[in-house]
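> what would the 3D arrangement of this be:
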Amino acid sequence: MRRILLFIGTFLILFSAIFLFQIMRELVVDWKINNKFQVKHAYVEEGFPSHIDVQNIEINGHDIEIVEEETGRKGRLTFWDKEEGVKAGDIVKLHLLVNDEKVTTADEIWLSNRNRGSRYFSWLDILTVDNQVAIVQRLTDDMEDMEEREWKIVWIDEKGKINEEKITYEKRKQNPLAVRLINESGTSLSSMGYYSDIVEGYPSTFFPLIYPIGTGIFGVFLCLYAFLIKRRRS
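A predicted model of the protein is given here:
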């Protein structure tokens, strides 16, 4: 009896261990990022932090300007465009200027015609990270699979020094802060995890409550009970 309980308990623990580890890793990394950095939307609308919806904004003494260069092309109709019954937005090249100086290459985005969200929603946002400013822009269009998505983050430090970094979905685990900024900015399109997307989306009764949390706890209980039986017999 004891050996059967120990076998079943060990099996349940091993069966649940990988997913439990992945869940705990995501929660721990998120806790560390949130405790180390203070991330906020730079733009405020009607007293509340919001996604950037203006072309000029001053943050921490730095004048940031968004200049749109028309391409004469239209983006594809997205699911949300069809839901609201709006026309496809214009495709423009965005030039980002800080204190009247161009700071990065101009990349294309699809402007939004929807009532919900901002003009640049899901494509561009400006955040503050402690005393720094981070301009987050998605580089791949709405039709790209999550695994193919790319972003760039233009950093402005307290002294006005500019630094740019590029992030891909496949290599995001190398830069957990960038993942936090991409999710906060809404440019991820769908929320992504730091190492895996195991804690993203809507939980169900089966996952993760029954499996792997419930099976893992029950496995530990069976192993402890088996050891307790052995101790009593001895």
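> check which element follows the longest helix seen in the chain along the chain.
Longest helix in the chain by number of residues (criterion: DSSP state H): helix 2-36. Following helix 2-36 in sequence order, the next helix or strand is strand 39-41 (DSSP states H and E).
> what does the very next helix or strand once past that next one rub up against?
Using DSSP H and E, the helix or strand that directly follows strand 39-41 along the chain is strand 43-45. With Cβ atoms under 8 Å, 6 or more residues apart in numbering as the test, strand 43-45 has contacts from 49, 50, 51, 52, 53, 54, 57, 125, 126. Using the backbone N, CA and C atoms, a C-beta is placed for each residue, glycine as well.
> could you redo the last one with a cut-off of 7 Å?
Strand 43-45 has contacts (Cβ atoms under 7 Å, 6 or more residues apart in numbering) with 50, 51, 52, 53, 54, 57, 126.
> equivalent analysis for stretch 74-85, please.
88, 89, 90, 91, 110, 114, 115, 142, 143.
> pick out the most distant pair among those.
Of all pairs drawn from the contacts of stretch 74-85, the greatest distance, 22.5 Å, lies between 115 and 143 (Cβ to Cβ).
> secondary structure element holding the closest residue in space to residue 8 that isn't next to it in sequence?
Leaving out its chain neighbours, the residue that sits closest to residue 8 by Cβ to Cβ, 6 or more residues apart in numbering is residue 222, at 5.6 Å. Per DSSP H and E: residue 222 is located in helix 215-233.
> what inclination does that helix have with respect to helix 2-36?
Relative orientation of helix 215-233 versus helix 2-36 (axes from the mean of the first three to the mean of the last three Cα atoms, to 10 degrees): 130 degrees.
> looking at helix 215-233 now, give me its mean pLDDT.
Here helix 215-233 scores 83 as its mean pLDDT.
> which residues touch it?
Here helix 215-233 has contacts from 2, 5, 6, 8, 9, 10, 12, 13, 15, 16, 20, using Cβ under 7 Å, 6+ apart.
> drop anything exposed from the residues you listed.
5, 6, 9, 12, 13, 16, 20 (16 or more other Cβ atoms under 10 Å).
> ranges for the helices of this protein?
Along the chain, the stretches classed as helices by DSSP H are 2-36, 79-84, 176-185, 215-233.
> which neighbouring elements make contact with the third one?
Read that as helix 176-185. Applying 3 or more Cβ pairs under 7 Å, 6 or more residues apart in numbering; DSSP states H and E, one finds that helix 176-185 makes contact with helix 2-36, strand 39-41, strand 124-129, strand 132-138, strand 150-156.
> closest to residue 194 out of those?
Proximity to residue 194 (Cβ to Cβ) singles out helix 2-36 among the helices and strands packed on helix 176-185, at 4.6 Å.
> please name every helix or strand in contact with that closest one.
On a contact count with 3+ Cβ pairs under 7 Å, 6+ apart, helix 2-36 meets helix 176-185, helix 215-233.
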